[in-house]
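Engineer: Sequence unavailable; structure follows:
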């Protein structure tokens, strides 16, 4: 079933906005209810809520950069890449539904973190998971959006390759 172009664009924008909203709402709750570096064990040591302000990118990479370089590398350049991706999935129609959904999650999560960098000069991270075989550093819902989007795209690519492999 072919989706009307306007409806397709509205759906793409809605998914991006839902990811940004989920991220920003959760961060606002954390900013207003959890003290800096406070640790709240939700499920023993398996899920911990905390509040850390990260002035860099993942793992605080770039937190020591000069302010102007931070703006270029952690705000302007990523924002250009995200808007380019958004433009591509809106303009081009040959992408699979899974790729489009994956990119909308990545764009929404990326914009959520860039918004923090612009408005607060840091990104609020607040979740830590330790499931034994998986232990994370502190992260937020924007990071979850980016990971889910990446997983959707990778799974789609792998399944499509696998499918084409068996067709020959």
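Structural biologist: Ah, there it is. Just so you know, these numbers come straight off a predicted model, no measurement behind them. Numbers count the residues shown, from 1 in each chain.
Engineer: what are the phi and psi values for the residue positioned nearest the centre of the chain?
Structural biologist: Nearest residue to the geometric centre of the chain (CA atoms, centre = their mean): residue 109, 2.6 Å. With angles defined as degrees, to the nearest 10, residue 109 sits at phi -60, psi -40.
Engineer: contacting residues around it?
Structural biologist: Neighbour list for residue 109: 19, 23, 141-146, 149 [criterion: CB atoms under 8 Å, 6 or more residues apart in numbering]. In this view, the C-beta of every residue, glycine as well, is placed from N, C-alpha and C.
Engineer: can you check residue 106 too?
Structural biologist: When contacts are counted by CB under 8 Å, 6+ apart, residue 106 touches 82, 85, 145-146, 149-150, 153.
Engineer: try residue 73
Structural biologist: Shown in contact with residue 73 (CB under 8 Å, 6+ apart): 62, 65.
Engineer: Please enumerate the strands of the chain.
Structural biologist: 40-43, 47-54, 123-129 (DSSP state E).
Engineer: from those, which stretch is densest packed?
Structural biologist: Ranked by mean neighbour count under mean count of other CB atoms under 10 Å, the strands of the chain are led by strand 123-129, which reaches a mean of 21.
Engineer: Now do that one against strand 47-54: the angle between them, please.
Structural biologist: Interaxial angle, strand 123-129 versus strand 47-54 (axes from the mean of the first three to the mean of the last three CA atoms, to 10 degrees): 160 degrees.
Engineer: Now find how far off-centre the longest helix along the chain is within its chain.
Structural biologist: The longest helix of the chain (DSSP state H) is helix 5-33. A distance of 11 Å separates the C-alpha centroid of helix 5-33 from that of its chain, computed with CA atoms, centre = their mean, to the nearest Å.
Engineer: in that helix, what counts as buried?
Structural biologist: For helix 5-33, the neighbour count (16 or more other CB atoms under 10 Å) marks 8, 12, 15-16, 19-20, 22-24, 26-27, 30 as buried.
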